[in-house]
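**Q** make a model of this:
(chains A and B)
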2 protein chains.
Amino acid sequence: MIIQSDQMQNVLYNLFVKYQFSEEKAELLARVFTKNTLDGVNSHGINRVPLFINYVETGLIKVDAEAEKVETFGSIERWDGHFGPGIINAAKCTNRAIELAKLHGMGMVALRNTNHWMRGGSYGWQAAEAGCISIFFTNTQPNMPAWGGKESRIGNNPFIVSIPREEGHVVLDMAISQFSFGKIHEYKLKDKKLPFLGGWDDNDKLTDDPEKILSNERGLPIGYWKGSALSMILDMLATLLSAGDSTYKIGLRERETGVSQVFLCIYPEIFHDRDVSEKLLNEIIDFTHDVNPMHPGDKTYYPGERTLQNRERNLENGIPVNEEVWQKVMKLLV
Amino acid sequence: MIIQSDQMQNVLYNLFVKYQFSEEKAELLARVFTKNTLDGVNSHGINRVPLFINYVETGLIKVDAEAEKVETFGSIERWDGHFGPGIINAAKCTNRAIELAKLHGMGMVALRNTNHWMRGGSYGWQAAEAGCISIFFTNTQPNMPAWGGKESRIGNNPFIVSIPREEGHVVLDMAISQFSFGKIHEYKLKDKKLPFLGGWDDNDKLTDDPEKILSNERGLPIGYWKGSALSMILDMLATLLSAGDSTYKIGLRERETGVSQVFLCIYPEIFHDRDVSEKLLNEIIDFTHDVNPMHPGDKTYYPGERTLQNRERNLENGIPVNEEVWQKVMKLLV
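**A** Below is the predicted model of the structure:
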């Protein structure tokens, strides 16, 4: 079914108000969940709302928690999210990193005791819209084996980089897993193999069979041993800088909560060369765009390009939403 | 053959002095090339010396160039490498980023017009030894197709992250390609297939056949479309922050020169919780180490662990060096 963006935001606002969020927080939550869906990331937009409400109901997400600064040194701050909603904490820390960057050229907020931020790219867009470069990452529960090990002990730790650009911001939003379990599930539903190896089967063999991967949830890091090492060191950075919980500690809990995140912003305007920057960026984009396709119909994209296409299409035609999901959300509202 | 570390450093020092480097610069170059080899990275240590000398002879590397600061804003600086030796420029900018981090908590140097820094991890170790966290990256000439495109138009852009740790620093040193061409060449010499897909053959198919990949030098990014996007955005950041040359511009030159690099350091001591940090790091390392192997004999490593093992072994037993390479270096000396 098709839902208009305004309608979705309105429904979600009322839902969050019903669940005791302040009007301001309900508005922010509704806006981010809607934007994520508008941008085509239903998995971390509307589809995720019922689980979010479940976390609120079970008290894993604290409705009234306010993230607060616990330590500061110049352009670096440590915040505690007090187990509030991941979206609200992350949006707040992004804003703070932007402020620090505009003051000092560069700013960083390390946040502990927070919850799933849903779509990490959302904050990359937020930083870019404020004129900032961003480098953000989060740790997660364990969901991939470290290279050489059998059990899942590293997280897929999404990593975001964004760069402001007049003709469309550049936003990389990339988990360290080759495929998300959500994506693997989609392939399973379509009864199709993954296009590449995506995880481990019961016999400890890498496989492209979604069913075999889903049976024990051992995902594959991008680049095999490389992504394994990258995931590990991002977890270390997030944990160390925030003095928060690592993937190890998060995995001790029954459900994923209390994650650690880093928000690093750079304000490129300090160099007063926006025109030059724009030209340099466009040269890189043109060079990679203006190329023969590998296979007929292939096209290269810069990071964020397809998000923008989704957004424009869904703004015009409305947002495609799974009917069952929408009914679930509507039921929560009554 | 086996060469002792002291002997190698001595030979290289004399070689660089012969090629008109100042004593101080010759010492630094000899030390870094030797350390790279000592740590087991012969490809960017002793094996690379003849090519380095060739670059010096042809004037692509300027012997007397001094990297200089061209712009500054608080904790961020822009430097111009004036086409000096990549090692000297990178070591200098690392030191400067460390100084800035110790002053401000965080510091960044963006460097343009520099040359190949050889082993990026070398500067990660340098930062860690100075007590700093580092995030460094460089762009390169085009050597991989962007996902969807046919020709090589993105670089393998090595990405380094390091974290100081008493029992052994954590150092990730990772190119964005799945395999380096050097590694692919090794497999070819041994007449073996790569363990995973590593590049494109003449028919635009992904292959694990080293010979087919080497025939047209189209490497595969880690994580396919993901590494492609990561490579692109690292190039954008390096280019934009330094106002330097992108992979596109570097590729217009006959040989790889004038690359752009970013050196970001964070000084974790500002939080005065070294003991806590050490404990958190070790928890992550223990959790990933203390795991059943995926296959008999498998072992997981933290980033940098094997480098340290190589270093200790080579310090004790001497450094294994290809005899032909060593003869080439000795010939340059006379």
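**Q** every contact and neighbour count from this point should use C-alpha atoms.
**A** Noted.
**Q** show me where chain A has strands.
**A** Assignment of strands within chain A using DSSP state E yields the ranges A:2-3, A:68-73, A:76-80, A:106-114, A:133-138, A:144-145, A:152-154, A:159-163, A:170-174, A:199-200, A:206-207, A:259-266, A:319-320.
**Q** who touches the last one?
**A** The list of residues contacting strand A:319-320 from outside it, by Cα atoms under 8 Å, 6 or more residues apart in numbering or on different chains, reads A:Met1, A:Ile2, A:Ile3, A:Gln4, A:Ser5, A:Thr37, A:Leu38, A:Asn314.
**Q** any chance of those residues in a markdown table, with pLDDT, distance to B:Ala146 and neighbour count too?
**A** Rendered in a markdown table, the data for the contacts of strand A:319-320 read as follows (pLDDT from 0 to 100; distance: Cα to Cα, whole Å; neighbours: other Cα atoms under 10 Å in any protein chain shown):
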| residue | pLDDT | distance to B:Ala146 | neighbour count |
| --- | --- | --- | --- |
| A:Met1 | 97 | 35 | 10 |
| A:Ile2 | 98 | 34 | 13 |
| A:Ile3 | 98 | 35 | 17 |
| A:Gln4 | 98 | 35 | 17 |
| A:Ser5 | 97 | 33 | 19 |
| A:Thr37 | 98 | 27 | 26 |
| A:Leu38 | 98 | 27 | 28 |
| A:Asn314 | 98 | 27 | 20 |
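**Q** just the ones of those in helices?
**A** Members of these lying in helices (criterion: DSSP state H): A:Ser5, A:Thr37, A:Leu38, A:Asn314.
**Q** the domain parsing of chain A - what is it?
**A** Per automatic domain parsing, the domain ranges recorded for chain A read A:1-58+A:323-334, A:61-177+A:222-271, A:179-220.
**Q** looking at these, which one is packed in the most?
**A** Neighbour counts averaged per stretch over the domains of chain A are highest for domain A:61-177+A:222-271, at a mean of 24; criterion: mean count of other Cα atoms under 10 Å in any protein chain shown.
**Q** follow-up on the earlier one: any chance of the strands of chain A in CSV, plus distance to B:Asn113?
**A** Formatted as CSV, the entries for those read as follows, by distance: least, Cα to Cα, whole Å:
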stretch, distance to B:Asn113
strand A:2-3, 51
strand A:68-73, 33
strand A:76-80, 30
strand A:106-114, 23
strand A:133-138, 22
strand A:144-145, 40
strand A:152-154, 38
strand A:159-163, 22
strand A:170-174, 24
strand A:199-200, 42
strand A:206-207, 43
strand A:259-266, 22
strand A:319-320, 47
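**Q** please save the CA atoms from stretch A:101-113 in CSV.
**A** Taking Å, rounded to 0.1, in the frame of the first residue of the first chain, the C-alpha atoms of stretch A:101-113 are listed here in CSV:
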residue,chain,number,x,y,z
ALA,A,101,32.7,21.7,14.9
LYS,A,102,31.5,25.1,14.1
LEU,A,103,33.3,26.5,17.2
HIS,A,104,36.5,24.5,16.9
GLY,A,105,36.7,23.3,13.3
MET,A,106,36.2,19.8,14.5
GLY,A,107,34.0,18.3,17.3
MET,A,108,33.4,14.9,18.7
VAL,A,109,30.7,13.5,21.0
ALA,A,110,31.1,9.9,22.4
LEU,A,111,27.8,8.6,23.7
ARG,A,112,27.3,5.6,26.0
ASN,A,113,24.2,3.8,27.3
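**Q** is chain B within reach of it?
**A** Yes - using Cα under 8 Å from any Cα of the partner chain, stretch A:101-113 comes into contact with chain B via A:His104, A:Gly105, A:Met106.
**Q** which one of those residues is nearest A:Glu269?
**A** When those are compared for distance to A:Glu269 (Cα to Cα), A:Gly105 comes out closest, at 8.5 Å.
**Q** so that closest one sits against A:Ile266, correct?
**A** Yes - if you go by Cα atoms under 8 Å, A:Gly105 and A:Ile266 touch, sitting 5.8 Å apart.
**Q** pLDDT below threshold where in the stretch 101-250 of chain A?
**A** In the predicted model of the stretch 101-250 of chain A, no residue satisfies pLDDT under 70.
**Q** does stretch A:162-173 reach chain B?
**A** Yes - counting by Cα under 8 Å from any Cα, chain B is contacted by stretch A:162-173 at A:Ile163, A:Val170, A:Leu172.
**Q** got those residues as CSV, with distance to B:Glu324 columns?
**A** As requested, the residues of stretch A:162-173 next to chain B are arranged in CSV below (distance: Cα to Cα, whole Å):
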residue, distance to B:Glu324
A:Ile163, 46
A:Val170, 47
A:Leu172, 44
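**Q** among those residues, which one sits closest to chain B?
**A** Taking Cα to the nearest Cα as the measure, A:Leu172 is the one of the residues of stretch A:162-173 next to chain B closest to chain B, at 6.9 Å.
**Q** got a list of what that closest one touches?
**A** A:Gly121, A:Gly124, A:Phe159, A:Ile160, A:Val161, A:Ser162, A:Pro303, A:Gly304, B:Ala229, B:Leu230, B:Ile233.
**Q** can you check A:Gly251 too?
**A** Contacts for A:Gly251 were tallied using Cα under 8 Å, 6+ apart; they are A:Gln141, A:Pro142.
**Q** same deal with the one 3 residues further on?
**A** Contacts here follow Cα under 8 Å, 6+ apart; on that basis A:Glu254 touches nothing.
**Q** distance-wise, check the residue sitting nearest the centre point of chain A relative to chain B.
**A** In chain A, the C-alpha nearest the mean C-alpha coordinate belongs to A:Gly120, at 2.2 Å (Cα atoms, centre = their mean). Taking Cα to the nearest Cα, to the nearest Å as the measure, A:Gly120 and chain B are separated by 15 Å.
**Q** so that residue sits against A:Val161, correct?
**A** No - with contact defined as Cα under 8 Å, A:Gly120 does not count as touching A:Val161 (9.7 Å).
**Q** any common contacting residues for those two?
**A** Contact with both A:Gly120 and A:Val161 is made by residues A:Phe136, A:Asp173, according to Cα under 8 Å, 6+ apart.
**Q** isn't A:Val170 up against A:Arg306?
**A** No - between A:Val170 and A:Arg306 no contact is recorded; they are 10.4 Å apart, counting by Cα under 8 Å.
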